[in-house]
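>>> Provide a 3D model corresponding to the input given below.
(one chain, ligands or ions: 1)
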Amino acid sequence: MNYQEIFQEISNELKGFDEIGQVATYIPALAKGNPNKFGMYLVTEEGHEYAHGDTEEPFSIQSISKVLSLVYAFKLVGTDLWKRVGVEPSGSPFNSLVQLEYEQGIPRNPLINAGAIVICDILISQLENPYDDFIRFVRELSGNPNIQYREETAASEKECGYKNNAHINLMKSFGNIDNDVEQVLDFYFYLCSIEMSCKDLAQTFMFLARGGKNPLTNKRVLTAQETKRINSIMLLCGFYDEAGEFAFKVGLPGKSGVGGGIVAIYPDQYSIAVWSPGLNSKGNSSKGIKALEIFTTITQSNVFGPM
Ligand code: GLN
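Okay, here's the model as predicted:
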(Lines give C-alpha, C1' and ligand atoms only; values in the text may rest on other atoms or scores of the structure.)
Protein backbone atom coordinates (compact mmCIF):
# COMPACT_ATOMS: atom_id res chain seq x y z
CA MET A 1 0.00 0.00 0.00
CA ASN A 2 1.37 3.41 -0.89
CA TYR A 3 0.77 5.18 2.41
CA GLN A 4 2.66 8.30 1.39
CA GLU A 5 0.29 8.82 -1.52
CA ILE A 6 -2.69 8.12 0.73
CA PHE A 7 -1.51 10.82 3.15
CA GLN A 8 -1.30 13.25 0.25
CA GLU A 9 -4.79 12.30 -0.86
CA ILE A 10 -6.14 12.90 2.66
CA SER A 11 -4.40 16.26 2.83
CA ASN A 12 -5.95 17.29 -0.51
CA GLU A 13 -9.38 16.17 0.58
CA LEU A 14 -9.07 18.07 3.87
CA LYS A 15 -8.44 21.36 2.08
CA GLY A 16 -12.17 21.69 1.61
CA PHE A 17 -12.93 20.69 5.21
CA ASP A 18 -14.11 23.74 7.10
CA GLU A 19 -15.15 22.31 10.48
CA ILE A 20 -11.76 23.10 11.93
CA GLY A 21 -13.11 23.60 15.46
CA GLN A 22 -11.46 25.62 18.20
CA VAL A 23 -8.36 25.11 20.31
CA ALA A 24 -9.04 24.29 23.97
CA THR A 25 -9.21 27.49 25.98
CA TYR A 26 -10.25 26.19 29.39
CA ILE A 27 -6.58 25.37 30.04
CA PRO A 28 -4.91 28.77 29.43
CA ALA A 29 -1.61 27.21 28.28
CA LEU A 30 -3.43 25.40 25.46
CA ALA A 31 -5.29 28.49 24.28
CA LYS A 32 -2.06 29.66 22.63
CA GLY A 33 -2.08 26.63 20.29
CA ASN A 34 -1.96 27.14 16.52
CA PRO A 35 -5.11 25.66 14.95
CA ASN A 36 -3.38 25.31 11.57
CA LYS A 37 -0.94 22.63 12.67
CA PHE A 38 -1.55 19.27 11.09
CA GLY A 39 0.44 16.06 11.18
CA MET A 40 -0.08 12.35 10.48
CA TYR A 41 2.36 9.57 11.30
CA LEU A 42 2.04 5.87 10.64
CA VAL A 43 4.17 3.00 11.97
CA THR A 44 3.53 -0.41 10.44
CA GLU A 45 3.96 -3.91 11.79
CA GLU A 46 7.05 -4.35 9.58
CA GLY A 47 8.55 -1.23 11.17
CA HIS A 48 8.01 1.07 8.18
CA GLU A 49 7.22 4.68 8.99
CA TYR A 50 5.36 7.35 7.02
CA ALA A 51 5.11 11.04 7.88
CA HIS A 52 3.02 13.92 6.62
CA GLY A 53 3.03 17.51 7.90
CA ASP A 54 3.94 18.55 11.45
CA THR A 55 4.90 15.14 12.76
CA GLU A 56 8.06 15.97 14.73
CA GLU A 57 6.71 18.86 16.79
CA PRO A 58 5.83 17.95 20.39
CA PHE A 59 2.38 18.96 21.65
CA SER A 60 0.41 18.42 24.85
CA ILE A 61 -0.91 14.84 24.80
CA GLN A 62 -3.49 15.58 27.56
CA SER A 63 -5.94 12.67 27.88
CA ILE A 64 -3.94 10.38 25.63
CA SER A 65 -1.79 9.89 28.74
CA LYS A 66 -4.81 8.19 30.36
CA VAL A 67 -4.17 5.04 28.32
CA LEU A 68 -0.53 4.94 29.36
CA SER A 69 -1.27 5.44 33.05
CA LEU A 70 -3.98 2.77 32.81
CA VAL A 71 -1.52 0.31 31.28
CA TYR A 72 1.07 1.07 33.94
CA ALA A 73 -1.42 0.65 36.82
CA PHE A 74 -2.80 -2.54 35.26
CA LYS A 75 0.73 -3.97 35.14
CA LEU A 76 1.23 -3.13 38.80
CA VAL A 77 -2.04 -4.25 40.40
CA GLY A 78 -3.65 -6.56 37.81
CA THR A 79 -7.36 -7.27 37.98
CA ASP A 80 -7.71 -5.56 41.40
CA LEU A 81 -7.85 -2.42 39.32
CA TRP A 82 -11.45 -3.12 38.30
CA LYS A 83 -12.59 -2.81 41.93
CA ARG A 84 -11.76 0.89 41.75
CA VAL A 85 -12.87 1.79 38.22
CA GLY A 86 -15.40 0.37 35.73
CA VAL A 87 -15.11 -0.51 32.05
CA GLU A 88 -18.39 0.84 30.68
CA PRO A 89 -18.63 3.65 28.14
CA SER A 90 -19.89 6.79 29.86
CA GLY A 91 -21.75 8.42 26.97
CA SER A 92 -21.00 11.66 28.83
CA PRO A 93 -18.43 14.42 28.49
CA PHE A 94 -14.91 13.63 29.77
CA ASN A 95 -15.33 15.87 32.80
CA SER A 96 -18.95 15.12 33.70
CA LEU A 97 -19.68 14.64 37.41
CA VAL A 98 -23.19 13.30 37.00
CA GLN A 99 -22.59 9.53 36.99
CA LEU A 100 -19.99 9.65 39.74
CA GLU A 101 -22.52 10.37 42.44
CA TYR A 102 -24.94 7.63 41.35
CA GLU A 103 -22.13 5.13 41.10
CA GLN A 104 -20.78 5.78 44.58
CA GLY A 105 -17.48 7.30 43.54
CA ILE A 106 -16.52 4.45 41.16
CA PRO A 107 -15.82 6.09 37.78
CA ARG A 108 -17.44 4.47 34.76
CA ASN A 109 -14.11 3.87 33.01
CA PRO A 110 -10.41 4.80 33.25
CA LEU A 111 -10.42 7.15 30.23
CA ILE A 112 -12.67 9.88 31.63
CA ASN A 113 -11.13 12.36 34.05
CA ALA A 114 -12.53 10.73 37.20
CA GLY A 115 -11.20 7.31 36.16
CA ALA A 116 -7.77 8.65 35.30
CA ILE A 117 -7.59 10.42 38.67
CA VAL A 118 -8.25 7.10 40.46
CA ILE A 119 -5.48 5.53 38.34
CA CYS A 120 -3.13 8.32 39.51
CA ASP A 121 -4.06 7.53 43.11
CA ILE A 122 -3.15 3.87 42.51
CA LEU A 123 0.19 4.79 40.90
CA ILE A 124 1.08 7.07 43.82
CA SER A 125 0.33 4.25 46.28
CA GLN A 126 2.35 1.74 44.27
CA LEU A 127 5.43 3.70 43.22
CA GLU A 128 8.19 5.27 45.25
CA ASN A 129 9.00 7.79 42.51
CA PRO A 130 5.82 8.03 40.43
CA TYR A 131 6.95 11.01 38.29
CA ASP A 132 10.31 9.46 37.36
CA ASP A 133 8.99 5.94 36.94
CA PHE A 134 6.15 7.01 34.71
CA ILE A 135 8.18 9.19 32.36
CA ARG A 136 10.76 6.40 32.10
CA PHE A 137 7.97 4.00 31.09
CA VAL A 138 6.76 6.40 28.36
CA ARG A 139 10.29 7.03 27.10
CA GLU A 140 10.96 3.32 26.78
CA LEU A 141 7.76 2.74 24.80
CA SER A 142 8.44 5.67 22.49
CA GLY A 143 12.16 5.11 22.04
CA ASN A 144 12.58 8.85 22.69
CA PRO A 145 14.62 9.67 25.82
CA ASN A 146 13.73 13.37 25.58
CA ILE A 147 10.01 13.13 26.35
CA GLN A 148 9.15 15.47 29.23
CA TYR A 149 6.38 16.81 31.40
CA ARG A 150 5.67 20.49 30.71
CA GLU A 151 5.44 22.25 34.05
CA GLU A 152 3.90 25.37 32.56
CA THR A 153 0.92 23.39 31.20
CA ALA A 154 0.47 21.47 34.45
CA ALA A 155 0.56 24.69 36.50
CA SER A 156 -1.85 26.41 34.13
CA GLU A 157 -4.33 23.55 34.44
CA LYS A 158 -3.95 23.42 38.22
CA GLU A 159 -4.82 27.10 38.47
CA CYS A 160 -8.27 26.56 37.02
CA GLY A 161 -8.82 22.86 37.71
CA TYR A 162 -12.06 23.39 39.65
CA LYS A 163 -13.90 20.52 38.02
CA ASN A 164 -11.11 18.03 38.57
CA ASN A 165 -11.03 19.19 42.20
CA ALA A 166 -14.73 18.47 42.42
CA HIS A 167 -14.17 14.97 40.97
CA ILE A 168 -11.44 14.00 43.37
CA ASN A 169 -13.22 15.37 46.43
CA LEU A 170 -16.41 13.52 45.55
CA MET A 171 -14.46 10.28 45.09
CA LYS A 172 -12.56 10.88 48.33
CA SER A 173 -15.91 11.26 50.13
CA PHE A 174 -16.91 7.82 48.83
CA GLY A 175 -13.59 6.32 49.96
CA ASN A 176 -12.15 5.76 46.45
CA ILE A 177 -9.07 7.97 46.87
CA ASP A 178 -6.37 6.80 49.32
CA ASN A 179 -3.80 9.59 49.07
CA ASP A 180 -3.85 13.31 49.65
CA VAL A 181 -6.11 14.92 47.04
CA GLU A 182 -3.67 17.66 46.09
CA GLN A 183 -0.82 15.18 45.66
CA VAL A 184 -2.95 13.00 43.37
CA LEU A 185 -4.28 15.89 41.29
CA ASP A 186 -0.81 17.37 40.83
CA PHE A 187 0.32 14.05 39.40
CA TYR A 188 -2.76 13.90 37.14
CA PHE A 189 -2.02 17.39 35.76
CA TYR A 190 1.60 16.43 35.13
CA LEU A 191 0.59 13.31 33.19
CA CYS A 192 -1.73 15.44 31.02
CA SER A 193 1.10 17.93 30.41
CA ILE A 194 3.45 15.41 28.76
CA GLU A 195 4.51 16.56 25.31
CA MET A 196 4.98 14.17 22.40
CA SER A 197 5.00 14.41 18.62
CA CYS A 198 2.84 12.37 16.22
CA LYS A 199 5.93 10.27 15.59
CA ASP A 200 6.40 9.59 19.33
CA LEU A 201 2.73 8.75 19.80
CA ALA A 202 2.46 6.34 16.89
CA GLN A 203 5.59 4.52 18.09
CA THR A 204 4.50 4.49 21.74
CA PHE A 205 1.15 2.86 20.99
CA MET A 206 2.62 0.24 18.68
CA PHE A 207 2.78 -2.31 21.54
CA LEU A 208 -1.03 -2.28 21.61
CA ALA A 209 -1.06 -3.28 17.94
CA ARG A 210 1.49 -6.03 18.67
CA GLY A 211 -0.35 -8.04 21.31
CA GLY A 212 1.43 -6.23 24.15
CA LYS A 213 5.06 -6.40 22.99
CA ASN A 214 7.20 -3.29 22.61
CA PRO A 215 8.63 -3.71 19.08
CA LEU A 216 11.64 -1.54 19.89
CA THR A 217 12.91 -3.64 22.79
CA ASN A 218 10.97 -6.88 22.21
CA LYS A 219 9.98 -6.64 25.88
CA ARG A 220 6.45 -7.68 26.81
CA VAL A 221 4.49 -4.80 28.31
CA LEU A 222 1.16 -6.64 28.63
CA THR A 223 -0.08 -10.16 27.89
CA ALA A 224 -2.21 -10.64 24.78
CA GLN A 225 -5.31 -10.91 26.96
CA GLU A 226 -4.49 -7.73 28.88
CA THR A 227 -3.89 -5.97 25.57
CA LYS A 228 -7.35 -6.99 24.41
CA ARG A 229 -8.79 -5.35 27.51
CA ILE A 230 -6.98 -2.05 26.97
CA ASN A 231 -7.92 -1.95 23.28
CA SER A 232 -11.56 -2.67 24.04
CA ILE A 233 -11.62 0.16 26.60
CA MET A 234 -10.12 2.49 23.99
CA LEU A 235 -12.74 1.49 21.44
CA LEU A 236 -15.65 1.97 23.84
CA CYS A 237 -14.43 4.89 25.92
CA GLY A 238 -11.56 6.62 24.09
CA PHE A 239 -13.67 9.50 22.75
CA TYR A 240 -16.18 9.98 25.61
CA ASP A 241 -19.61 10.86 24.25
CA GLU A 242 -18.25 10.55 20.72
CA ALA A 243 -16.90 7.00 21.12
CA GLY A 244 -19.79 5.52 19.16
CA GLU A 245 -19.33 8.01 16.36
CA PHE A 246 -15.58 7.33 16.19
CA ALA A 247 -16.14 3.56 15.99
CA PHE A 248 -18.84 4.17 13.39
CA LYS A 249 -16.69 6.40 11.20
CA VAL A 250 -13.14 5.16 11.81
CA GLY A 251 -13.57 1.66 13.22
CA LEU A 252 -10.40 1.48 15.32
CA PRO A 253 -9.56 1.60 19.05
CA GLY A 254 -8.04 4.99 19.77
CA LYS A 255 -7.65 7.87 22.18
CA SER A 256 -7.91 11.62 21.89
CA GLY A 257 -6.68 14.54 23.96
CA VAL A 258 -7.71 18.19 24.16
CA GLY A 259 -4.27 19.13 22.78
CA GLY A 260 -5.70 17.95 19.43
CA GLY A 261 -3.89 14.63 19.23
CA ILE A 262 -5.47 11.28 18.37
CA VAL A 263 -3.77 7.92 18.26
CA ALA A 264 -5.41 4.75 16.92
CA ILE A 265 -4.24 1.20 16.36
CA TYR A 266 -5.12 -1.57 13.96
CA PRO A 267 -4.11 -4.89 15.61
CA ASP A 268 -1.28 -6.72 13.81
CA GLN A 269 -1.01 -3.93 11.24
CA TYR A 270 -0.25 -0.41 12.36
CA SER A 271 -0.41 2.46 14.81
CA ILE A 272 -1.35 5.92 13.53
CA ALA A 273 -1.22 9.36 15.17
CA VAL A 274 -2.84 12.58 13.98
CA TRP A 275 -2.54 16.10 15.35
CA SER A 276 -4.81 19.05 14.60
CA PRO A 277 -5.54 21.33 17.61
CA GLY A 278 -9.03 22.47 16.56
CA LEU A 279 -11.58 20.59 18.67
CA ASN A 280 -15.24 19.80 18.07
CA SER A 281 -17.90 20.26 20.74
CA LYS A 282 -16.97 16.90 22.33
CA GLY A 283 -13.36 17.99 22.87
CA ASN A 284 -11.95 15.74 20.12
CA SER A 285 -9.84 16.91 17.17
CA SER A 286 -12.27 17.72 14.41
CA LYS A 287 -9.90 17.40 11.46
CA GLY A 288 -8.09 14.52 13.15
CA ILE A 289 -11.22 12.38 13.16
CA LYS A 290 -11.97 13.28 9.55
CA ALA A 291 -8.42 12.39 8.50
CA LEU A 292 -8.66 9.00 10.19
CA GLU A 293 -12.06 8.35 8.67
CA ILE A 294 -10.63 8.95 5.20
CA PHE A 295 -7.55 6.85 6.02
CA THR A 296 -9.44 3.76 7.18
CA THR A 297 -11.87 4.11 4.27
CA ILE A 298 -9.13 4.21 1.64
CA THR A 299 -7.03 1.49 3.27
CA GLN A 300 -10.10 -0.60 4.16
CA SER A 301 -8.66 -1.21 7.59
CA ASN A 302 -10.95 -1.43 10.61
CA VAL A 303 -11.47 -3.91 13.43
CA PHE A 304 -14.92 -4.93 12.18
CA GLY A 305 -13.57 -6.88 9.25
CA PRO A 306 -12.68 -6.29 5.61
CA MET A 307 -15.18 -4.40 3.50
N1 GLN B 1 -6.16 17.72 31.31
C2 GLN B 1 -7.46 17.70 30.70
C3 GLN B 1 -8.56 17.79 31.77
O4 GLN B 1 -8.39 17.28 32.84
C5 GLN B 1 -7.61 16.45 29.87
C6 GLN B 1 -8.91 16.40 29.11
C7 GLN B 1 -8.80 15.75 27.74
O8 GLN B 1 -7.78 15.73 27.09
N9 GLN B 1 -9.95 15.32 27.26
O10 GLN B 1 -9.58 18.39 31.59
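>>> and the most centrally placed residue in the chain, what pLDDT?
Nearest residue to the geometric centre of the chain (C-alpha atoms, centre = their mean): residue 64, 1.8 Å. pLDDT for residue 64: 98.
>>> test my guess that it contacts residue 201.
Yes. Here residue 64 reaches residue 201: they are 6.7 Å apart, a contact under C-beta atoms under 8 Å. (Each C-beta comes from the backbone N, C-alpha and C, glycine too.)
>>> between those two, which contacts overlap?
Residues touching both residue 64 and residue 201 comprise 261, 263, with contact defined as C-beta atoms under 8 Å, 6 or more residues apart in numbering.
>>> around the ligand, pick out the residues from the stretch 51-200 of the chain.
Within the stretch 51-200 of the chain, the positions lying close to the ligand (C-beta under 6 Å from any ligand atom) are 62-63, 94-95, 113, 157, 164, 192.
>>> buried ones only from these, please, as a ChimeraX command.
To isolate the buried members of those in ChimeraX, using 16 or more other C-beta atoms under 10 Å:
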select :62,63,94,95,113,157,164,192
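>>> narrow the residues of the stretch 51-200 of the chain next to the ligand to those in helices?
Using DSSP state H, the subset of these located in helices is 113, 157, 164, 192.
>>> how about the contacts made by the second one?
Spelled out, it's residue 157. Taking C-beta under 8 Å, 6+ apart, we find residue 157 in contact with 27, 29, 164, 189, 192-193.
>>> if you set the cut-off to 10 Å instead, what comes out?
26-30, 60, 62, 164, 185, 188-190, 192-193 (C-beta atoms under 10 Å, 6 or more residues apart in numbering).
>>> now tabulate those residues in JSON lines and tack on secondary structure.
Converted to JSON lines, the contacts of residue 157 look like this (DSSP: H, G, I helix; E, B strand; the rest coil):
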{"residue": "26", "secondary structure": "coil"}
{"residue": "27", "secondary structure": "coil"}
{"residue": "28", "secondary structure": "helix"}
{"residue": "29", "secondary structure": "helix"}
{"residue": "30", "secondary structure": "helix"}
{"residue": "60", "secondary structure": "strand"}
{"residue": "62", "secondary structure": "helix"}
{"residue": "164", "secondary structure": "helix"}
{"residue": "185", "secondary structure": "helix"}
{"residue": "188", "secondary structure": "helix"}
{"residue": "189", "secondary structure": "helix"}
{"residue": "190", "secondary structure": "helix"}
{"residue": "192", "secondary structure": "helix"}
{"residue": "193", "secondary structure": "helix"}
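>>> hmm, back to that, the ligand versus the closest residue to the residue nearest to the centre of the chain other than its chain neighbours, what's the distance?
Spatial nearest neighbour of residue 64, chain neighbours left out: residue 257 (4.3 Å); criterion: C-beta to C-beta, 6 or more residues apart in numbering. Here residue 257 is placed at a distance of 4 Å from the ligand (C-beta to the nearest ligand atom, to the nearest Å).
>>> I'd say residue 257 and residue 59 touch.
Yes. Using C-beta atoms under 10 Å, residue 257 is in contact with residue 59, at 8.7 Å.
>>> ok, the two, which is more surrounded?
Applying other C-beta atoms under 10 Å to residue 257 and residue 59 shows that residue 257 carries more neighbours, namely 29 against 24.
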